[in-house]
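Enquirer: Could you look at this predicted model? Sequence included:
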Amino acid sequence: MIDKFYSSNYFLLFILFFSFAGIAQEQEVVSDSTSVSKESIAIGDISEESEKLGQELLKLKSALDKNERVLEIDSIITLKTPEILKLVDTVFLKREDVTLRDLKVRKVEWTNYKAVLSEHQSTIKDRSEEISKIINDVFSDLNKWELTKKELADRSESKDMEESFDRAISSLEEILKAAHLRLDDVFSTQKKITELVLVIDSEISNIEFAENQRRKDYFVFDKKPIWEKGEKLMLGDSISVNSLSSYQLLKEGIKENKKQFLEFFHLNIKTAILQIIFLVLFLAFLITANIKWNKEEILSLKNPIEIQAKTILVNPILTTLSVGFLVTAFFYDSMVPAYAEFHVFVILFTTVLLLPKLTGKGIRNFLWLLFVIYTITIFEAFIGVKANLVRNLSLFTSLLLLVSLYMGRKTVSQYPENFSQILRPFKLISVLYMALLVLSIIANIIGMFGLSAYLTKAVMVSAIFAFVVYLSTKVFISIFILIFKFRTTTNIQTLTTLINATHHRIRPLFNFMGFVVWLLFTLRGFEIYDYIINSYNEIIALEWQIGEMTISLGGMLAFAGIFIITLILSKLAAAIFQDEWMVNVLPRGIAPAISLVLRIVMIVIGLYAGFTAAGVDLSKLGFILGALGVGIGFGLQNVVLNFVSGLILAFERPINIGDTIEVDMEMGVVTNIGVRSSNIRAYSGAEVIIPNGDLISKKVVNWTLSNRNRRSNVAMKTSPDADPERVIALFNEIALNHPRTSAIPEPQTYFHGYGPDGNLNFSLMYWTTFSDTLNTDNDIALQIFKKLKEEDIDAPAPVRRIVTEERKKG
């Protein structure tokens, strides 16, 4: 029923959005005037206010002392400004020997400077707001004292009082003057930072323009065909292959990249420390989990997920360096190529060692080939010139990558059970990538070296991260299982249910998240991620002016996107918490309650976030919300009643999914507890929809609220000549030996004496589970029938008395 509730409110929600999107996006007029207090000081409060003013002046003088942090920032900006301006080099961007890698290094350098300046801007902004508040407060106090002085001047001619007022006003004016001076100093520093930020933004924009210009060169012939000998270096090459050997070129490249690596590390030392702390904690978690696992002495591992989890635990260092490095790479806003290559090198090397232990040794050769290819690519980058050596290495890399993809595709097809999650996507994408590599080889041969290098690098990055992310999803699934496995309250049945659910629910969710991460790396590898983001930003910036109303496409898309994502997440949460595995894992009734409350909370938060993202000023919705309140009061009483009743059901939990209830002559099993109504499946097969208000206000019989045990009664009759004690013993024995009856309390048979027809009446009472009542009654009745036959105990013969007319007369 939640679907019906959603659909019935879509129209109202979108009317609300379009009604207020324009109002919310109107230009706000901000008044720069400072509100001035027009209240004077009462005569009786002057002494007290004077004392307060003295204390306040001491605090204000202390607050207006020169801030050490601001002075430090000002000195840093003064020292760094020439250094930053010196980096501005328009000639550098126009040089033909400057590669995309060089531009990336320069862009990251500028980005780091901007990040540092942004931190300084935040500090300066806080200080300026603090001083502005002081100015406003002092200005208000000054006007209050001046107004009081003016009022008392007409009433009193006391010179002492006039002098005290003059001293107070003079002190406030001094504080106000000092505050303005401090604010001027802060604004001066803020201006310096802003000017530097503008310079940096301009340089980043120029670098991005230069990057786009070089990407256009992918489709030009920048080399001679490979069959033509005697090729010379392209114009602008800074190093000749004849002047330096390959070893010297590599040595120079390593030296330069080492310098870039260390500079980036020192600039991001805080992030690096955070990264190390995360890796250490992750390693400690894996080691602790492995020790705890070994203490439990689990000798036989039958489930594949448990085997996978154990394999990960016995390789904590490899797991930490592969998955931990991948996760912590997102701690950085951006990386210079040398720093990023170090991360990928470590991640890929550990993946080569760990992934075959989880998926089989068949994939090992393919992964080692990828590692070799990546190492060669780093070697090419370190050489750093467009010489024949690099071209030949690139051609060799393309061929090797083509062979490795063929091997990987063959291995995945040969062992489909080990790669079931990526089997079809990899087989499809590998064919596409092999076609791109063939195109890359052809482009290299005919002289389009830029296009060839671009395609090879993009395919390599995508292929590497496909298996790195695949390993990461396996690790996170294992961690999810370990969290429940080591809970003391988790029994074997619950764990088995959870593992089975992981195959159907959790694994697809992690696989989808892994796909998104892989897609992110792939888009960056093909160098189209920034283009997509920029295009998106241009689209959402579109606006339409309709009268005084401004409609923003970005606001509309933000509202629609957030609302749709909220609905999807709420339904996903509902599906997870209403699933059988979650119902079994959590205490009875908790999962449906969490599901209902979570849906309501997520929808409310989603609506709030959607309106906020769209720019809707929620403070302007008071009138409409009031009108809606009136409408709810008159026309939607039942809807609100059922909604509130749904919340009561969620928190009190008198009824849970799976309970057998009886209400309004309807009896069945509860299949859903929704926001407005609940569903029960009657034993006739009908689906009965009951408003939540009825479940709260009417009498409801819950047969399975506290437990699922139910007392059952089997009535039996025997002939008058049967021994009652013997019959009771037989009945009790049959019921006690039945596998579905409860031993505590024991089955009891009661003798009710003679019936109307002279037979002996017995009733057998025993406890069984509610769902097994009919089957158990049937089994026990059949066994009693057979046992009575074996014991020669007859059933009562029906007695019929025939009274004739003659007998009546006699």
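Expert: Nice, I can see it. For clarity, every value in this text was computed on a predicted model and none was experimentally measured. Numbering: from 1, shown residues only.
Enquirer: Quick check: the residue nearest to the spatial centre of the chain vs Phe476, distance?
Expert: Nearest residue to the geometric centre of the chain (CA atoms, centre = their mean): Met513, 9.3 Å. Separation of Met513 from Phe476 (CB to CB, to the nearest Å): 8 Å. Backbone N, C-alpha and C define where each C-beta goes, glycine included.
Enquirer: What's the local residue count around Trp312?
Expert: Residue 312: Ile, not Trp. 25 (other CB atoms under 10 Å).
Enquirer: OK, contacts around it?
Expert: Listed by CB atoms under 8 Å, 6 or more residues apart in numbering, the contact set of Ile312 reads 286, 319, 354, 358, 474-475, 478.
Enquirer: of all those, which two lie farthest apart?
Expert: Leu286 and Leu358 (14.6 Å; CB to CB).
Enquirer: Give me the more crowded residue out of the two.
Expert: Just comparing Leu286 and Leu358: by other CB under 10 Å the higher neighbour count belongs to Leu286, 25 against 19.
Enquirer: Which pLDDT value belongs to the more buried one?
Expert: Reported pLDDT at Leu286 in the predicted model: 91.
Enquirer: My guess is it contacts Leu321. True?
Expert: No. Using CB atoms under 8 Å as the test, Leu286 is too far from Leu321 to be in contact (11.3 Å).
Enquirer: thinking again about what came up before, which one of the contacts of Ile312 is nearest to Ser440?
Expert: For the contacts of Ile312, the residue nearest Ser440 by CB to CB is Leu354; the value is 29.7 Å.
Enquirer: Give me the number of neighbouring residues for that closest one.
Expert: Leu354 is flanked by 23 other residues according to other CB under 10 Å.
Enquirer: With Ala463 as the reference, measure out to it.
Expert: Distance of Leu354 to Ala463, computed by CB to CB: 17 Å.
Enquirer: swap in Gln275?
Expert: Taking CB to CB, one finds Gln275 at 26 Å from Ala463.
Enquirer: tell me what the longest helix seen in the chain is packed against?
Expert: As assigned by DSSP state H, the longest helix anywhere in the chain is helix 159-216. Here helix 159-216 touches helix 46-63, helix 68-87, helix 90-94, helix 100-153, going by 3 or more CB pairs under 8 Å, 6 or more residues apart in numbering; DSSP states H and E.
Enquirer: what pLDDT, on average, does the shortest one get?
Expert: Put plainly, it is helix 90-94. Average pLDDT, helix 90-94: 70.
Enquirer: what's the answer for the last one, then?
Expert: Taken as a whole, helix 100-153 has an average pLDDT of 84.
Enquirer: Mark out where each domain of the chain begins and ends.
Expert: Split into domains by automatic domain parsing, the chain comes to 43-219, 246-532, 711-790.
Enquirer: what's the closest of those domains to Thr660?
Expert: Thr660 lies closest to domain 711-790 among those, at 6.0 Å (CB to CB).
Enquirer: Off-centre distance for the closest one?
Expert: 58 Å (CA atoms, centre = their mean, to the nearest Å).
Enquirer: What of stretch 394-406?
Expert: How far stretch 394-406 lies from its chain's middle: 37 Å, per CA atoms, centre = their mean.
Enquirer: can you start the count at 26 instead of 1 from here on
Expert: Okay, residue one is now 26; in that scheme the one you just asked about reads as stretch 419-431.
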